[in-house]
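Peer 1: generate a structure from the sequence data that follows.
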Amino acid sequence: MIRERWNDSWNLIWTRTISRGTTSNQLSTLSSLLDPIILTEARDEWIWLLDPNFGFTVKKTRIHLDDALLPDAYISTRWCRFISKKVNIFVWRALRDRLPTRWNLNSKGVELESILCPNCLSSPENLHHSLWTCIHATCVWLKVFNWLELPCPTPSSIQDVYEYVDQLHFQKERKSIIEAIFGVVLWTLWNFRNQLIFSSHCMARNEIFDKITSTSFLWCRVPWLEPSMKTQLDGTRSTPQVAFSSTEPSPPAEMVPENAT
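Peer 2: This next block holds a predicted model:
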């Protein structure tokens, strides 16, 4: 059938005259696609363009999809031994912007009533806003950095927060503890966000920092932290002070509670 319509060029017979407009434009586009094609006497065959020599393979398909869909920037996997597996996995997803924020859901075609942050209701809820730039999240982070006696950075992404930890001139053990605390902060902020959306009972915003400090002391098995203190912290509003100075001083002999607001 194709041979009948080919004589060094396409010989097409139409039942009616092609009028100008959309049909004519479509014909021109079709011709531009067919004209470069050269027909031979060889037998027709399928060719896998990703690998013409060896044909279709799942491996080549996976590589092609990864190159097309996954972010170009390489992000190393972080694993902190002080926090649970589910929190480590949560941090792994957060660093790759794989959390179901309203912005991400909307970009995937999920219909939502609103893409505004459920916490502040003033800006679209993308990952960085939800876990850092939202006014309520920022207040929590300021309290955390004040608690740790560290200068608060101005990151442009969650990855920058962890790069900040890597650049601290502390011993490896203490850097791991700070990384664990940051994981607790992200986990607690996200849980509070989910409570706002899905739960009829939500903890008060002024309890978020207390939850972070108590969870941090329970999860981080600091050698100089007394076990009795870990137990007492759970469910209380006491906030012991933890200092991480660049000179690596010995831990304070007495921890002075501060009333969290």
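Peer 1: relative to residue 197, how far out is residue 103?
Peer 2: Shown here: residue 103 relative to residue 197, a distance of 14 Å by C-beta to C-beta, to the nearest Å. Heads up, the C-betas are built off the backbone N, CA and C, glycines and all.
Peer 1: which one's more surrounded, those two?
Peer 2: Set residue 103 next to residue 197 and count neighbours by other C-beta atoms under 10 Å: residue 103 wins out with 21 against 10.
Peer 1: need the three-state assignment for that one.
Peer 2: Look at residue 103: counting by DSSP: H, G, I helix; E, B strand; the rest coil, its state is helix.
Peer 1: which residues touch it?
Peer 2: Residue 103 makes contact with 115, 124, 125, 126, 127, according to C-beta atoms under 8 Å, 6 or more residues apart in numbering.
Peer 1: mind doing that once more with 7 Å?
Peer 2: When contacts are counted by C-beta atoms under 7 Å, 6 or more residues apart in numbering, residue 103 is found next to 115, 124, 125, 126.
Peer 1: quick check, nearest of the residues you listed to residue 69?
Peer 2: Each of the contacts of residue 103 was scored against residue 69 by C-beta to C-beta, and residue 126 proved nearest at 18.5 Å.
Peer 1: give me the nearest residue to that closest one, chain neighbours excluded.
Peer 2: Nearest-residue entry for residue 126: residue 103, 4.0 Å, with adjacent residues in sequence omitted and distances by C-beta to C-beta, 6 or more residues apart in numbering.
Peer 1: secondary structure element holding residue 65?
Peer 2: Secondary structure here is read from DSSP states H and E; on that basis residue 65 sits in helix 58-69.
Peer 1: how near is residue 113 to residue 190?
Peer 2: Separation of residue 113 from residue 190 (C-beta to C-beta): 20 Å.
Peer 1: more crowded one of the two?
Peer 2: A side-by-side neighbour count of residue 113 and residue 190, using other C-beta under 10 Å, places residue 190 first with 19 against 6.
Peer 1: looking at this, that one is in a strand?
Peer 2: No: looking at residue 190 with three-state DSSP, it is helix, so not inside a strand.
Peer 1: residue 41 belongs to a strand?
Peer 2: No: residue assignment for residue 41, taken from three-state DSSP, gives coil, which places it outside any strand.
Peer 1: give the burial count for it, as a bare number.
Peer 2: A count of nearby residues for residue 41, using other C-beta under 10 Å, gives 4.
Peer 1: pLDDT score assigned to it?
Peer 2: Model confidence at residue 41, given as pLDDT, is 75.
Peer 1: do you know how far it is from residue 34?
Peer 2: When distance is defined by C-beta to C-beta, residue 41 is 19 Å away from residue 34.
Peer 1: tell me how far the residue nearest to residue 126 lies from residue 85.
Peer 2: For residue 103, the distance to residue 85 under the criterion C-beta to C-beta works out to 27 Å.
Peer 1: quick one: the strands in the chain?
Peer 2: When secondary structure is read from DSSP state E, the chain shows strands at 238-239, 258-259.
Peer 1: pLDDT below threshold where in the stretch 1-150 of the chain?
Peer 2: When the per-residue scores of the stretch 1-150 of the chain are filtered using pLDDT under 70, the ranges that remain are 1-12, 70-74.
Peer 1: so where do the helices sit in it?
Peer 2: In order along the chain, the stretch 1-150 of the chain carries the following helices (DSSP state H, counting those that start in this stretch): 22-34, 58-69, 85-95, 102-107, 127-128, 135-148.
Peer 1: of these, flag the one that's most buried.
Peer 2: For the helices of the stretch 1-150 of the chain, average neighbour numbers computed from mean count of other C-beta atoms under 10 Å are highest in helix 127-128, which has a mean of 20.
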